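Enquirer: Kindly return the folded structure for what I paste below:
(one chain, ligands or ions: 2)
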Amino acid sequence: MVGTPFIGEQERTYGNEVVAWSKGVLGNVEKPIVISGPSGVGKGTLISKLMIEFPSMFGFSVSHTTRAPREKEQNGIHYHFSDRSVMESDIKDGKFLEFASVHGNLYGTSVEAVEVVADAGKRCILDIDVQGARSVRASSLDAIFIFISPPSFEELEKRLRARATETEEQIQKRLRNARAELEQGKSAGLFDHILVNDDLESCYENLKKILGLTEGVKTARKTYPELVDLPMEHSVSKIDQKILINCGAAEYHKASNNMYALDLSLLKGGSPGRTRGLNLYVVNPSTDRVNGDNQLS
Ligand SMILES: Nc1nc2c(ncn2[C@@H]2O[C@H](COP(=O)(O)OP(=O)(O)O)[C@@H](O)[C@H]2O)c(=O)[nH]1
Ligand SMILES: Nc1ncnc2c1ncn2[C@@H]1O[C@H](COP(=O)(O)OP(=O)(O)O)[C@@H](O)[C@H]1O
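Expert: Residues are numbered from 1 along each chain as shown. Ligands and ions are numbered 1, 2, ... in the order given. Okay, the predicted model is just below:
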C-alpha cells in the first residue's frame with residue numbers, strides 16, 4: 001500500500017507487508033498522551049471531559065480517516081475526513097507520524113496534527129488504536145500510553161449499541177476487533193496505565209491522577225508574552241538550548257515575570273515544508289527547570 005524507500009527497506013528486513021508505520025516528531029511541551037481502547041469503551045467521552053475542564057492545557061490531535069463522518073462529526077474538528085488515494089499519497093510523502101487500517105478504514109496521525117497542538121503550547125492527546133499506539137511507542141515521540149478497558153464485554157456491546165452511530169454490520173465488526181484489542185492492550189511494555197471505565201466519574205478522576213491534574217493545576221500554566229519590553233539593564237545567558245534574559249537579577253525572586261526564556265530546541269524538526277517557531281515564555285524561578293537537573297535559583 002505504501003511505497004517509500006524506508007517502507008521498502010522495512011518490508012525486506014521483516015519479510016512482511018508494512019501496515020502501520022511511524023515517524024518521529026520533536027517537541028518540548030509535556031509528554032503527549034496516547035489513549036487507546038476498543039470502540040465504545042468511552043475514549044472520546046473521557047477526552048472531551050478533559051478538554052472541557054482544561055481547555056488551555058490540552059489539544060486534540062485531529063486524525064485523518066477514510067471512514068464516513070457520523071451525523072454530528074465535523075471535518076477538521078473530530079477528524080480530517082479524507083479520500084483513500086489522497087491519504088495514501090500523503091503517507092508516501094512522509095506526512096504521517098503513524099497510520100493503521102482499523103475496522104476496514106485507514107486512520108492516521110499527521111505530523112502536522114501533533115505539531116499544531118505543540119505549537120499552541122498545549123499537551124497533545126491522541127485517540128488511536130493499539131496498532132497506532134505500538135507505532136508511536138516505537139517512534140521517537142515520548143508519550144504516556146493509557147489503555148481504556150471496559151468493565152465487561154457485555155457492557156462494551158451495550159454502550160456501542162446505545163451510542164447508535166454504527167450499522168449492525170459495523171457494530172459486529174467492532175465487537176470482533178474489540179476482543180483482539182483487549183488482548184493486545186495487555187501486551188507487555190506497551191501501555192503505561194490501564195484504566196477500567198466502569199463508573200465514568202471514577203475513571204475520569206483516575207485519569208486526572210495519572211496526568212498529575214490535582215487541584216490548582218488549572219492555573220499553574222506558563223504564560224506566553226506577545227511583546228517583551230526589555231529594560232536597558234538586562235543580562236543574557238545561555239543554558240543548553242535556552243537563552244535566558246534576566247531583566248532584574250536583584251529582584252527576580254520577588255517578581256515572576258522578569259526572566260524570559262527563548263527556547264531554541266523547537267527550531268529543528270517539524271514536518272516537511274513547515275518550520276516550527278521559536279518558543280518564548282516567562283520563567284517562574286521557583287518552579288521552572290531550564291534543563292533536566294538545574295533548578296533556576
Ligand atoms: N492508528 C490510528 N488509529 C486511530 C486514529 N484515529 C482514530 N483511531 C482509532 O480508530 C478506531 C475507530 O475510531 P472511530 O471510527 O472514531 O470509532 P470509535 O472508536 O467507535 O469511536 C479507534 O480505535 C480509534 O482510536 C489514528 O490517527 N491512528
Ligand atoms: N463509564 C461509562 N458508563 C456508561 N456509558 C458510558 C461510559 N463511558 C462512555 N459511555 C457511553 O458509551 C458510548 C461510547 O463512548 P465513546 O466515548 O463514544 O467511546 P469510544 O470513543 O471509545 O468509541 C457513548 O454513548 C458514551 O456516552
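
Enquirer: where does this structure have low pLDDT?
Expert: Within the chain, the segments meeting pLDDT under 70 span 1-7, 9-10, 17-29, 216-228, 249-257, 264-280, 284-297.

Enquirer: mind listing the helices for it?
Expert: Assigned by DSSP state H, the chain shows helices spanning 5-14, 43-53, 84-92, 111-119, 130-138, 153-163, 168-184, 200-210.

Enquirer: Now do the fourth one and helix 84-92, the angle between them.
Expert: Yep, that's helix 111-119 we're talking about. 70 degrees (axes from the mean of the first three to the mean of the last three C-alpha atoms, to 10 degrees).

Enquirer: near ligand 1 at all, helix 111-119?
Expert: No - contact of helix 111-119 with ligand 1 (C-beta under 6 Å from any ligand atom) is absent, the minimum separation being 7.8 Å. Heads up, the C-betas are built off the backbone N, CA and C, glycines and all.

Enquirer: now do the third one
Expert: No - with C-beta under 6 Å from any ligand atom as the measure, helix 84-92 is seen stopping short of ligand 1, the closest distance being 10.4 Å.

Enquirer: Would you map out the domains in the protein?
Expert: Listed by the TED database, the domain ranges of the chain are 33-211, 227-284.

Enquirer: Tell me the spacing between residue 132 and ligand 2.
Expert: 14 Å (C-beta to the nearest ligand atom, to the nearest Å).

Enquirer: got the contact list for that residue?
Expert: Shown in contact with residue 132 (C-beta atoms under 8 Å, 6 or more residues apart in numbering): 20, 34, 36, 98, 99, 100, 107, 108, 109, 126.

Enquirer: for residue 211, same thing?
Expert: Residue 211 makes contacts with 33, 50, 144, as judged by C-beta under 8 Å, 6+ apart.

Enquirer: any chance you could map the strands in the stretch 151-297 of the chain?
Expert: Secondary structure of the stretch 151-297 of the chain (DSSP state E, counting those that start in this stretch): strands located at 193-196, 235-239, 242-246, 259-263, 279-282.

Enquirer: Single out the most deeply packed of the ones you listed.
Expert: Comparing the strands of the stretch 151-297 of the chain by mean neighbour count (mean count of other C-beta atoms under 10 Å), strand 259-263 ranks first with a mean of 19.

Enquirer: quick one: that strand to strand 242-246, angle?
Expert: Relative orientation of strand 259-263 versus strand 242-246 (the same axes, to 10 degrees): 160 degrees.

Enquirer: Output strand 259-263 as PDB, restricted to C-alpha atoms.
Expert: Extracted as PDB, the C-alpha positions of strand 259-263 are listed here (Å, rounded to 0.1, in the frame of the first residue of the first chain):
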ATOM      1  CA  MET A 259      13.100  36.500  33.400                       C
ATOM      2  CA  TYR A 260      12.300  35.100  29.900                       C
ATOM      3  CA  ALA A 261      13.500  32.000  28.200                       C
ATOM      4  CA  LEU A 262      14.000  31.700  24.400                       C
ATOM      5  CA  ASP A 263      13.800  28.100  23.600                       C
END
